[in-house]
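Trainee: I'll drop the sequence and a predicted model, then ask my questions.
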Amino acid sequence: MSNNNFKHGEANGYKARNGLELENYFSEQTGLAKSGKSDKPTFTNSHGLEQVVDFDFHANVGGVMHYLDLTTTYRSDRAKQKAYNAFVYKKLFSEECKFYIVAGDVNDNKRRTVKLIEGLDGVISVEQAIEMVKK
């Protein structure tokens, strides 16, 4: 294994641990368990393949289901992926709902400009998400 591959593996391990810590913190603060496979709806796409609408957590807030995707670092490519899940869900299922990206660094000075794209209802901080689901 080359030195670069080792460094890349170390970085990925750090990112994975950081993500798990964020999820665990969110669970501890809200009392929510991470959404499992049985919580996630599926649909058959135009190619005849089953797809899963993915999210990390879900909670009923004021009678409206909120789907939350946690990430330690906001990136626009992740936003597109999450917005796709939200858009498909909102088009295929009749349930009133909201989809949020919950970013650990949303208030970080290095934050890029957040542009909401179709399907997403917001990009919020972990603290904002905790407050939202605790109400």
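Mentor: Structure received. Residues are numbered from 1 along each chain as shown.

Trainee: residue 29: what secondary structure?
Mentor: Residue 29 carries the three-state label helix when classified by DSSP: H, G, I helix; E, B strand; the rest coil.

Trainee: now do the helices in the chain.
Mentor: In the chain, helices defined by DSSP state H lie at 3-30, 76-92, 126-134, listed in chain order.

Trainee: can you add mean pLDDT and mean neighbour count and give those helices back as a markdown table?
Mentor: From N, CA and C alone the C-beta is placed, and that goes for glycine too. Output for the helices of the chain, formatted as a markdown table (pLDDT from 0 to 100; neighbours: other Cβ atoms under 10 Å):
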| stretch | mean pLDDT | mean neighbour count |
| --- | --- | --- |
| helix 3-30 | 73 | 12 |
| helix 76-92 | 91 | 16 |
| helix 126-134 | 94 | 17 |
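
Trainee: can you pull the contacts of the spatially most central residue of the chain?
Mentor: Nearest to the geometric centre of the chain sits residue 69, at 1.2 Å (Cα atoms, centre = their mean). Applying Cβ atoms under 8 Å, 6 or more residues apart in numbering, we find residue 69 in contact with 54-56, 82, 85, 99-102.
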